[in-house]
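*Asks:* only geometry, no sequence info:
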């Protein structure tokens, strides 16, 4: 019987997230992770066969956590809550926000692991379906307007703060609210 693992999968992902938030995904190497954790490199490879697999797993884990609240708000017919989910989530999860909003998926992992491809596609489809379903329930609401108000505007509002290493201030919520109401009147969502 082998020794129990000293570091959990979550410990490894948390260390990778810290490194990514500090220096970007390029700084995440198995050697850097091993040094951060005080673990032998081999134990990391035992959990994650490659750096790409580890980073892809980190990316999917973050997207899944972020997207849940956004999709739930749209399912509840609340476009404003969906739009405000982004800055609120960024304030609560600044390291994950920096990973997801400052780096495209292909920047994090150039060679996406085949085994995680279906999960990434499912997450993308869930987002697209949530936006499409909301628009379908609101005749006259242009899907592009919905995406702009709930995705593009909040992303733009938080990005410069994340780039500067700051949490987005609550004033961005007011700006997002004003923009969302101008594009999608409260009677539409």
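*Replies:* Cool, got the structure. All values derive from a computational prediction rather than experimental measurement.

*Asks:* buried set for the longest helix along the chain?
*Replies:* Looking across the chain with DSSP state H, the single longest helix is helix 51-75. Neighbour-count burial for helix 51-75 flags 51-63, 66-67, 69-71, 73-74 (criterion: 16 or more other C-beta atoms under 10 Å). In this view, the C-beta of every residue, glycine as well, is placed from N, C-alpha and C.

*Asks:* again, but for stretch 101-118
*Replies:* Residues 101-103, 105, 108-109, 112-113, 116 are the ones in stretch 101-118 that count as buried (16+ other C-beta under 10 Å).

*Asks:* all helices of this structure, in order?
*Replies:* So, for the chain - with DSSP H - the helices run 9-23, 30-37, 41-47, 51-75, 79-92, 94-102, 105-108, 117-137, 143-147, 153-163, 171-183.

*Asks:* return the angle between stretch directions for the first one and helix 30-37.
*Replies:* With axes from the mean of the first three to the mean of the last three C-alpha atoms, to 10 degrees defining the directions, helix 9-23 sits at 100 degrees from helix 30-37.

*Asks:* packing partners of helix 9-23?
*Replies:* Under the contact criterion of 3 or more C-beta pairs under 8 Å, 6 or more residues apart in numbering; DSSP states H and E, helix 9-23 touches helix 30-37, helix 41-47, helix 51-75, helix 94-102.

*Asks:* run through who's touching the last one.
*Replies:* The set of residues external to helix 94-102 that reach it, using C-beta atoms under 8 Å, 6 or more residues apart in numbering, is 17-18, 20-21, 25, 58-59, 62-63, 65-66, 89-90, 108, 155, 158-159, 162-163, 165, 167.
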